[in-house]
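J.: starting from these lines, generate the structure:
(2 chains)
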There are 2 protein chains.
Amino acid sequence: MRPIPAFVRAALAVALFAAPLAAQEQKPVAAPDPDAVMLRKLYDAALVDSPVYEQLRELTEKFPGRLAGSHNLEGAVQWTHALLEKQGADRTELQPVMVPHWERGPKESVSLLPPAGVKGEAVALTAVALGGSVPTPADGLRAGVVELRSLDELKTADVRGKIVFFNRPMKQHHASAGPAYGEAGDARNRGPAEAAKHGAVGVVIHSVTHAHDDVPHTGATTYLPDVPRIPAAALSALASERLSAALAREPALQLELRIHSQWFDDAPSHNVIAELRGSEHPEQVILVGGHLDSWDIAPGAHDDGAGVIESIDVLRILKAVGYQPKHTIRCVLFTNEENGTRGAVAYSTAVRERKEQHLLALETDSGGYQAHGFNLGNPAGDAHLKAARWLELFRPYGIYFFVAGRGGVDVNPLLVQGTTVAGLMPDSQRYFDIHHTAEDSIDKVNPRELRLSAGALAALVYLVDQHGL
Amino acid sequence: MRPIPAFVRAALAVALFAAPLAAQEQKPVAAPDPDAVMLRKLYDAALVDSPVYEQLRELTEKFPGRLAGSHNLEGAVQWTHALLEKQGADRTELQPVMVPHWERGPKESVSLLPPAGVKGEAVALTAVALGGSVPTPADGLRAGVVELRSLDELKTADVRGKIVFFNRPMKQHHASAGPAYGEAGDARNRGPAEAAKHGAVGVVIHSVTHAHDDVPHTGATTYLPDVPRIPAAALSALASERLSAALAREPALQLELRIHSQWFDDAPSHNVIAELRGSEHPEQVILVGGHLDSWDIAPGAHDDGAGVIESIDVLRILKAVGYQPKHTIRCVLFTNEENGTRGAVAYSTAVRERKEQHLLALETDSGGYQAHGFNLGNPAGDAHLKAARWLELFRPYGIYFFVAGRGGVDVNPLLVQGTTVAGLMPDSQRYFDIHHTAEDSIDKVNPRELRLSAGALAALVYLVDQHGL
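T.: Presented below is the predicted three-dimensional model:
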């Protein structure tokens, strides 16, 4: 861009962004729409002098690796609770939740070895154990390797006594990264259990990512009852390529896995809850939330520090503009989303037991990137169609769609109970580059993208509070 | 995100992204829409096994600082020309253009000095000269400082013999960054000339950015005839804060500017042009392009290497799917957008002289981020409304809007001649963090975002080729 024409363009852009397509076709009206006025106020409060980026820095730098059972998760519980108190919540609560407690242990490794009986050096491959993996023997597990592209190939391959290598990167043809994650993720989640059914002794997978680098991605694997639990690790994309090329040259080569993980007794944790009390229907709740925990190796900036901080900011924004909600606005920061969802279960159980009524349960757990829409779900399946009447209000702020969906993992159980759920949908392209890795750090977050999302959440909360869904 | 529910969510996301809002409301149809089928093919070619990221890496690492008159700009001319030949263009052309030639020279600096007559050390402030700035005396320019927030304040401030400090960061309340750039940019573009009218001897500005860091942003400043040309530099955001704080403590402090820039005679350069010849109306052109030049300090990855590589890729994508265009598809890589737009002038002049007819002139010059829409302009002002009939075709690929606009600086002159112009509109939040800086490098570009934009361009070119506008 160049200055003089940039001016022309920028002046134009003001017009464009202030008055997008549909608005341009409308006649000017005498009085501004009060909802439009309020959305402008909410976004001003979200965008100008916002504390969210520095808050997210503090959360992720003080409490990285907030896995269930960890000291840092409980540190984050206390820190966010204090922040919500400071925000002026009318009521806060630490809801006790017992969570699973798995630890990775020291010095895990995956190494390439020459074929059995052949001398040669071990070559280290960049890897991390999958979350929940059982350990290998202390001196490692050594076996030959069978490379597969999908779980289906287990039906025909002979993997008995072998380490299965699921070489299954995320596919590139999807325009959105979510579906690609869903497809490739089966190798991580079900791969070890399925391979064990067929007699495999270990599993390594290509990290579930679009990225082409040397960063390995962890994430939970799920064992099955009555199937041997075999150790499992994720290789970086480059390490996967290296292993695949090495196998092409020498199919008899071996891998050595060393994993020293350990399962402990369940540990105490908490959902963090804070409310602005409703003036007309305090018994009816509009929930906004994210999850506090992160993988042990991850600072958890996008997953899901962003959702946590944005949700806390909704309370700040509403108070900053002096808005008195009719219904109770409740921020819920769930514990243990990554490897148990015990926080979600505990919360939805309490809702049922207390016979609480939720108008909306809105979650953010897809990163702190620029959001352009929401998904919504209700038992009738028409929540997204009802919300579509607000599209023109949202357009000036870059929110372009409402689609059918079910919010997120933590609010999903409420949908079963009849609640309308929703999820913010940020751009997905960069998320799986750093998802569940040590690279999910504050420097990957853009301050303005984070603030815009807080504004979008506050705006939807306001509209539902005013008009219902 | 967590694995099991992520599966549920991902399976859902497939449905969501494949069948967004409006599509969900439609009844299933017997035969798939041929345009929908072709868009899927074009996006497949754009997303799978795409060369664009490695091409952009090569362009920006071999030829950073592609300013008009530089060796690297002409290197980029030759490199892109060769790439377009390799792409199998039916015709290529190097259109000669004489361009301005300004060089920054060595060792520029801005330093904080104590008040005149007071002893003390100079403190360096992170800064770059504005593009086109005249030099200071060889041993520097020293003067007192007047801090202003806007050009308007020149009317009341006494700036005679002073260095004016326009402390004018981009405002945060705009939901899109473009308007904020437009507002704040006047200090860079017109600030030095306006300050000189009022007797100032130099100008420093807060870099035109949202970022809060120590990276200074250059960009062109425009002098006026019959007004003294005074040297001008941009401070980083942090240096601006430091200077402002220092002035609050000691209003009499001085600044020292050292700029050793030089203007040379106009230099030869080229627009790079390549075509796929139309089968039915070869005389009618659909143009897709970006600009080859970048600021001297910038690798120019987002501005505008991305636009260049995406435009080249449109030809590759169309050939990859075996599409035979009816009209001539022309890739134009403009020279000298940043400080002269001589490439744009030469191109539009040639179009007029040759009486060429353009159906569409489509430019990308707002970064290689994920795009969610296009702006379009034509003399009747209804091009964006006409294009809106394609929204449902584009939705599965994350393109949500067509708005009124005028494409970009390089295609703008064609609008005056009656051509329909268009511009791709990527997310704007991150662009001005690195715009016109040394940080505008390949590591700031996401491969998938780049590929999606190439797909969007190819799709619009295809639709206009098939159906007109």
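J.: now residue A:57: closest residue in space that isn't a chain neighbour?
T.: residue A:442 (4.7 Å; Cβ to Cβ, 6 or more residues apart in numbering or on different chains). In short, each C-beta sits where N, CA and C put it, glycine included.
J.: what's the spacing between the one you found and chain B?
T.: 13 Å (Cβ to the nearest Cβ, to the nearest Å).
J.: any idea how many residues pack against that residue?
T.: Using other Cβ atoms under 10 Å in any protein chain shown, residue A:442 is surrounded by 22 other residues.
J.: contacting residues for it?
T.: Going by Cβ atoms under 8 Å, 6 or more residues apart in numbering or on different chains, residue A:442 touches A:53, A:56-57, A:60-61, A:299, A:301.
J.: just flag the most distant two among the residues you listed.
T.: Farthest pair in the contacts of residue A:442 (Cβ to Cβ) is A:53 and A:299. Separation: 14.1 Å.
J.: higher neighbour count, these two?
T.: Higher neighbour count among residue A:53 and residue A:299: residue A:299, with 27 against 19, using other Cβ under 10 Å.
J.: list the contacts of that one.
T.: With contact taken as Cβ under 8 Å, 6+ apart, residue A:299 is in contact with A:60-61, A:64-65, A:305, A:438, A:440-442.
J.: need the three-state assignment for it.
T.: Put simply, residue A:299 is coil when judged by DSSP: H, G, I helix; E, B strand; the rest coil.
J.: let's see the pLDDT reported for it.
T.: Here, the pLDDT recorded for residue A:299 equals 98.
J.: same thing with residue A:5?
T.: Predicted confidence (pLDDT) for residue A:5: 40.
J.: how about residue A:10?
T.: Residue A:10 carries a pLDDT value of 36.
J.: the one 5 residues further on now?
T.: We have a pLDDT of 35 for residue A:15.
J.: got the domain ranges for chain A?
T.: Per the record, chain A has its domains at A:21-102+A:265-467, A:109-260, by automatic domain parsing.
J.: direction included, what does the longest strand seen in chain A pair up with?
T.: Ranked by number of residues, the top strand in chain A under DSSP state E is strand A:262-276. Strand pairing for strand A:262-276, using DSSP bridges, gives strand A:91-103 (antiparallel), strand A:327-334 (antiparallel).
J.: residue A:335 contacts residue A:70, doesn't it?
T.: No: under the criterion of Cβ atoms under 8 Å, residue A:335 makes no contact with residue A:70, lying 10.9 Å away.
J.: give me the more crowded residue out of those two.
T.: The residue with more neighbours, out of residue A:335 and residue A:70, is residue A:335; 32 against 22, by other Cβ under 10 Å.
J.: quick one: that one from residue B:136, how far?
T.: Distance, residue A:335 to residue B:136, by Cβ to Cβ, to the nearest Å: 60 Å.
J.: ok, now residue A:73?
T.: Residue A:73 is 57 Å from residue B:136, by Cβ to Cβ.
J.: residue A:356 too?
T.: 69 Å.
J.: between the two, tell me which one has more neighbours.
T.: A side-by-side neighbour count of residue A:356 and residue B:136, using other Cβ under 10 Å, places residue B:136 first with 23 against 18.
J.: surely that one touches residue B:255?
T.: No: using Cβ under 8 Å, residue B:136 makes no contact with residue B:255, being 10.8 Å away.
J.: ok, the most centrally placed residue in chain A - contacts?
T.: The centre of chain A sits closest to residue A:365, judged by Cα atoms, centre = their mean, with a distance of 3.8 Å. By Cβ under 8 Å, 6+ apart, residue A:365 lies in contact with A:290-291, A:303-304, A:307, A:337, A:408-410, A:423, B:1.
J.: do the same with residue A:429
T.: Neighbour list for residue A:429: A:177, A:210, B:370, B:446, B:448-449, B:452 [criterion: Cβ under 8 Å, 6+ apart].
J.: any idea which element the closest residue to it other than its chain neighbours lies in?
T.: Ranked by Cβ to Cβ, 6+ apart and with sequence neighbours excluded, the top spatial neighbour of residue A:429 is residue B:448, at 4.5 Å. Assigned by DSSP states H and E, residue B:448 belongs to helix B:447-467.
J.: now do that helix: distance to the chain's middle.
T.: Relative to its chain's centre, helix B:447-467 lies at 18 Å (Cα atoms, centre = their mean, to the nearest Å).
J.: name the residues of it that are buried.
T.: Of the residues in helix B:447-467, B:447-465 count as buried by neighbour count, 16 or more other Cβ atoms under 10 Å in any protein chain shown.
J.: quick one: the residue nearest to the centre of chain A is in a strand?
T.: No: counting by three-state DSSP, one finds residue A:365 to be coil, located in no strand.
J.: please name the nearest non-neighbouring residue to residue A:444.
T.: residue A:434 (5.6 Å).
J.: for the one you found, what are its contacts?
T.: Residues counted as contacts of residue A:434 (Cβ under 8 Å, 6+ apart) are A:211, A:215, A:302, A:440-441, A:444.
J.: which pLDDT value goes with it?
T.: According to the prediction, residue A:434 has pLDDT 97.
J.: what's the distance between it and residue A:367?
T.: According to Cβ to Cβ, residue A:434 stands 9 Å off from residue A:367.
J.: list residues touching both of these two?
T.: What both residue A:434 and residue A:367 touch, as defined by Cβ under 8 Å, 6+ apart, is the set residue A:302.
J.: next, the closest residue to residue A:332 other than its chain neighbours: phi, psi?
T.: Nearest residue to residue A:332, sequence neighbours excluded (Cβ to Cβ, 6+ apart): residue A:289, at 3.8 Å. Main-chain torsions, residue A:289, degrees, to the nearest 10: phi -160, psi 180.
J.: what about the residue of the stretch 201-350 of chain A found nearest chain B, distance to residue B:457?
T.: Taking Cβ to the nearest Cβ as the measure, the stretch 201-350 of chain A has residue A:220 as its residue closest to chain B, at 4.7 Å. In this view, residue A:220 and residue B:457 are 39 Å apart by Cβ to Cβ.
J.: show me which residues of the stretch 251-400 of chain A are close to chain B?
T.: The stretch 251-400 of chain A has residues A:303, A:337-339, A:341, A:365-366, A:370, A:372, A:375, A:384-385, A:388, A:395-398, A:400 near chain B, with proximity defined as Cβ under 8 Å from any Cβ of the partner chain.
J.: sort out for me which of the residues you listed are in strands.
T.: Using DSSP E, the members of those that fall in strands are A:372, A:375.
J.: circling back to that earlier point, for the domains of chain A, give me TSV that also has distance to residue B:126.
T.: What follows is the domains of chain A, written out as TSV (distance: least, Cβ to Cβ, whole Å):
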stretch	distance to residue B:126
domain A:21-102+A:265-467	19
domain A:109-260	30
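J.: so which of those is the most surrounded?
T.: domain A:21-102+A:265-467 (a mean of 22; mean count of other Cβ atoms under 10 Å in any protein chain shown).
J.: what sits up against stretch A:80-97?
T.: With contact meaning Cβ under 8 Å, 6+ apart, stretch A:80-97 is reached by A:55, A:59, A:77, A:268-277, A:292, A:308, A:312, A:315-316, A:319, A:331, A:333, A:335-336, A:342-343, A:346-347, A:350.
J.: make it 7 Å
T.: If you take Cβ atoms under 7 Å, 6 or more residues apart in numbering or on different chains as the criterion, stretch A:80-97 is touched by A:55, A:77, A:268-277, A:292, A:308, A:312, A:315-316, A:319, A:331, A:333, A:335-336, A:342-343, A:346-347, A:350.
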